[in-house]
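>>> model the following, please.
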Amino acid sequence: MVSIFTILALVFSLLACFVFPIVLCIVFMKKTRPGPLPLIMGILVFIVFVIVLEQLMHYAFLVAIPATKTLFENNVWLYATYGAFAAGIFEEGGRFLAFSIFLKKKREWKHGITYGIGHGGIEALLLAVPGVLNSLIYTFMINSGTFDALIKTLPKATADLLLQARDTLLTEAYWMFALTGVERICAICFQIALSVLVLYAVYKKRYIFIGLAVLIHAAIDFPAVLFQRGLLPLWSIEAYCVVLAVPALIFIIKSRKLFPAAPVIQK
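I've put the predicted structure just below:
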């Protein structure tokens, strides 16, 4: 049986990944009325630049080109640097283009916040929610006794993967399953803060802050890539995110003073 604490941890992660960004979006947009365009652009830029363009580059360098594939496989630090800066360049580059081209009439603080909610929210919905939902479904199947019956009907390769998922649910410390939710809340804070920073760079034409946003993004993602290669434990990554989320949240609040109170139209 999967423990009730594991189930509660999974429910927390589902709420953090699915309900939290939706509620945050509704409450903030109702209070500040930024219009739907910044939210839509945040969602679209994530899909186009991260899900499509960045993944195409990863396929090229990590799969299709033998020389770079071998290089990154044999040098974990170079791979981590590549992965971290790829994320930073694509996401911050996408933000820069969005604010420079499509959001010329949206230069208030609330527009940067709304864009960040869209970007971070769709990231949580697409990347985290499916895994948490699957874990919850497996949990209820295990506890109801239907999991073993399902395993018998599946090909061996698929069955082996599900058995690994079952073993993880049964043996992993319950609090580990809450880390996905903690990570997504922190990630949304990062996405909002970086969106505001890039908007400020565009609004003030101080493009050095675009480079700063890329560096900050890479610094946030670098340890996560090391975790993927097994060099860091998961708890250390989450602790790192929580520590960095504090100054990100402070910046989000304080940055309101950097922007005008009325719409700014730039040609």
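>>> how far does the one helix or strand in the chain whose mean pLDDT sits lowest sit from the chain's center?
Considering only helices and strands, the least confidently modelled element of the chain by mean pLDDT, DSSP states H and E is helix 147-151, at a mean of 91. The offset between the C-alpha centroid of helix 147-151 and the centroid of the whole chain comes to 32 Å, using Cα atoms, centre = their mean, to the nearest Å.
>>> got it, and stretch 168-177?
Using Cα atoms, centre = their mean, we find the averaged C-alpha position of stretch 168-177 to lie 22 Å away from the chain's own average C-alpha position.
>>> what comes up buried for it?
169, 174, 177 (16 or more other Cβ atoms under 10 Å). (Glycine included, C-beta is placed from N, CA and C.)
>>> how about that stretch as PDB, C-alpha atoms only?
Coordinates of each C-alpha in stretch 168-177 appear next as PDB, following Å, rounded to 0.1, in the frame of the first residue of the first chain:
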ATOM      1  CA  THR A 168       9.400   4.200  -6.100                       C
ATOM      2  CA  LEU A 169       5.900   5.000  -4.800                       C
ATOM      3  CA  LEU A 170       6.200   2.300  -2.200                       C
ATOM      4  CA  THR A 171       9.800   2.900  -1.000                       C
ATOM      5  CA  GLU A 172      10.700   6.500  -1.500                       C
ATOM      6  CA  ALA A 173      10.400   8.900   1.400                       C
ATOM      7  CA  TYR A 174       7.000  10.600   1.200                       C
ATOM      8  CA  TRP A 175       8.300  14.100   1.300                       C
ATOM      9  CA  MET A 176      10.200  13.500  -1.900                       C
ATOM     10  CA  PHE A 177       7.000  13.600  -3.800                       C
END
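>>> point out where this protein drops to low pLDDT.
In the predicted model, the chain carries pLDDT under 70 at residues 262-267.
>>> what segments of it are helices?
For the chain, the helices defined by DSSP state H occupy 4-14, 20-32, 37-45, 55-59, 66-74, 76-97, 109-127, 129-144, 147-151, 156-171, 179-204, 208-228, 234-254.
>>> which residues touch the nearest residue in space to residue 182 that is not next to it in sequence?
With Cβ to Cβ, 6 or more residues apart in numbering as the criterion, residue 182 has its nearest non-adjacent residue at 5.6 Å, and that residue is residue 238. Contact analysis of residue 238 by Cβ atoms under 8 Å, 6 or more residues apart in numbering lists 179, 182-183, 186.
>>> would you reformat those residues as a markdown table and include neighbour count?
Below are these laid out as a markdown table (neighbours: other Cβ atoms under 10 Å):
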| residue | neighbour count |
| --- | --- |
| 179 | 18 |
| 182 | 18 |
| 183 | 22 |
| 186 | 23 |
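>>> just name the closest of those to residue 52, please.
Residue 52 has its nearest neighbour among the contacts of residue 238 in residue 183, at 23.2 Å by Cβ to Cβ.
>>> among the helices of the chain, which comes closest to residue 261?
Comparison of these against residue 261 by Cβ to Cβ identifies helix 109-127 as nearest, at 8.8 Å.
>>> now the closest one: how far from the chain's centre is it?
When distances are taken as Cα atoms, centre = their mean, helix 109-127 is centred 9 Å away from the chain's centroid.
>>> same for it, what does it pack against?
With contacts defined as 3 or more Cβ pairs under 8 Å, 6 or more residues apart in numbering; DSSP states H and E, the secondary structure elements packing on helix 109-127 are helix 20-32, helix 37-45, helix 76-97, helix 179-204.
>>> then that helix to PDB, C-alphas only?
Taking C-alpha atoms only, helix 109-127 is exported to PDB below (Å, rounded to 0.1, in the frame of the first residue of the first chain):
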ATOM      1  CA  TRP A 109       5.000  46.200 -14.300                       C
ATOM      2  CA  LYS A 110       1.700  44.200 -14.400                       C
ATOM      3  CA  HIS A 111       2.400  43.200 -18.000                       C
ATOM      4  CA  GLY A 112       5.800  41.700 -17.000                       C
ATOM      5  CA  ILE A 113       4.100  39.800 -14.100                       C
ATOM      6  CA  THR A 114       1.300  38.500 -16.400                       C
ATOM      7  CA  TYR A 115       3.800  37.400 -19.000                       C
ATOM      8  CA  GLY A 116       5.800  35.500 -16.400                       C
ATOM      9  CA  ILE A 117       2.700  33.800 -15.000                       C
ATOM     10  CA  GLY A 118       1.800  32.600 -18.500                       C
ATOM     11  CA  HIS A 119       5.400  31.400 -19.100                       C
ATOM     12  CA  GLY A 120       5.800  29.700 -15.800                       C
ATOM     13  CA  GLY A 121       2.300  28.400 -15.600                       C
ATOM     14  CA  ILE A 122       2.300  26.600 -19.000                       C
ATOM     15  CA  GLU A 123       5.700  25.200 -18.100                       C
ATOM     16  CA  ALA A 124       4.300  23.700 -14.900                       C
ATOM     17  CA  LEU A 125       1.200  22.400 -16.700                       C
ATOM     18  CA  LEU A 126       3.100  20.800 -19.600                       C
ATOM     19  CA  LEU A 127       6.200  19.500 -17.800                       C
END
